[in-house]
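Enquirer: sequence first, predicted model second:
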Amino acid sequence: MEMKELKYEIFEKGALVKSVSITKIMPCMAEEGRVKLAMQLDSTLEEVMPTFAGKFPPGNVNFIPHKKILTLNTHKRVISFFPSGKIMMMNTKDPEEGIEIITEFMEKINQCYLESKNGADGEDLSGKLSKIGPLNIYNCLPQINCEECGTATCMAFSMKILSGDATLDQCKPLLKAENRDKLNSLKELLGDELMKTLGWAEN
Ligand code: SF4
């Protein structure tokens, strides 16, 4: 049965996106009693998609550069963003929960748009995201398993970094002079934008 679109005005003055509509509510196959929501933003996302994709830990992101489709594993569900502004959100309690979560992302989309308009370097991370794995991060860590970051090994820490469960600034030994080369190779691997996304605050 066709449902009437539910339109939500979220931001009166959003730089790019202001409103979102729920166009379809379907049963979610992943979990009984939950729903899958199809939504539509009031703007296309093509322009901001590569920057937006770089705002999340690479382990939670699947980005298809030539199609500009971004799938995130976040908030205990999978959310896909399409260049047309369409969004699919799985495993959701009800439309209200879906709107609450999507408001957070709309804010981020508007930030990305402003960054690109204000001439931020807008690093295109699309090719990079799929190539960064735990071993790449591990190779740039001090590899002394000191546990200062609260994780038993540097390898476990690199996995947490990729999934967004830890931040780079938790590895204090990276700041020591003897690890300068490691830090530099990490910066080279990730670039400024991803370093920031993964919790590195330059001091
Ligand atoms: S603090 Fe750094 S060096 Fe120590 S275990 Fe964690 S990642 Fe490894």
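Expert: Here it is on my side, so go on. Residues are numbered from 1 along each chain as shown.
Enquirer: any idea of the pLDDT on residue 139?
Expert: At residue 139, the predicted lDDT confidence score is 96.
Enquirer: close enough to count as contact, residue 69 and residue 80?
Expert: Yes - counting by CB atoms under 8 Å, residue 69 does reach residue 80; the two are 6.5 Å apart. The C-beta positions use only the backbone N, C-alpha and C, and glycine is treated the same way.
Enquirer: what's the spacing between residue 143 and residue 154?
Expert: Distance, residue 143 to residue 154, by CB to CB, to the nearest Å: 5 Å.
Enquirer: who has more neighbours, residue 69 and residue 80?
Expert: Higher neighbour count among residue 69 and residue 80: residue 69, with 18 against 14, using other CB atoms under 10 Å.
Enquirer: would you mind listing what in this structure touches the ligand?
Expert: Taking CB under 6 Å from any ligand atom as the contact definition, the chain meets the ligand at 141-142, 144-149, 151, 154, 157, 171, 173.
Enquirer: one more pass at 5 Å, please.
Expert: Within reach of the ligand by CB under 5 Å from any ligand atom, the chain has these residues: 141-142, 144-146, 148-149, 154, 157, 171, 173.
Enquirer: looking at those residues, which are in helices?
Expert: Under the assignment DSSP state H, the residues of the chain next to the ligand contribute 154, 157 to helices.
Enquirer: which one is the residue nearest the centre of the chain nearest to, not counting chain neighbours?
Expert: The centroid of the chain falls nearest to residue 56 when counting by CA atoms, centre = their mean (2.4 Å). Nearest non-adjacent residue to residue 56, counting by CB to CB, 6 or more residues apart in numbering: residue 72, 5.9 Å away.
Enquirer: and the one you found, what helix or strand is that in?
Expert: Following DSSP states H and E, one finds residue 72 within strand 69-74.
Enquirer: that strand packs against which elements?
Expert: helix 49-53, strand 61-64, strand 77-81 (3 or more CB pairs under 8 Å, 6 or more residues apart in numbering; DSSP states H and E).
Enquirer: would you turn those into CSV with mean pLDDT?
Expert: Converted to CSV, those look like this (pLDDT from 0 to 100):
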stretch, mean pLDDT
helix 49-53, 88
strand 61-64, 88
strand 77-81, 96
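Enquirer: of those, which stretch is the most buried?
Expert: Compared across the helices and strands packed on strand 69-74, helix 49-53 shows the largest average neighbour count, a mean of 24 (mean count of other CB atoms under 10 Å).
Enquirer: domains of the protein: list them as residue ranges, please.
Expert: 6-125, 132-197 (automatic domain parsing).
Enquirer: weakest of the ones you listed by average pLDDT?
Expert: domain 6-125 (a mean of 91).
Enquirer: so who does the closest residue to residue 16 other than its chain neighbours touch?
Expert: Once flanking residues are discounted, residue 16 sits nearest to residue 113: 3.9 Å by CB to CB, 6+ apart. With contact taken as CB atoms under 8 Å, 6 or more residues apart in numbering, residue 113 is in contact with 15-16, 47-48.
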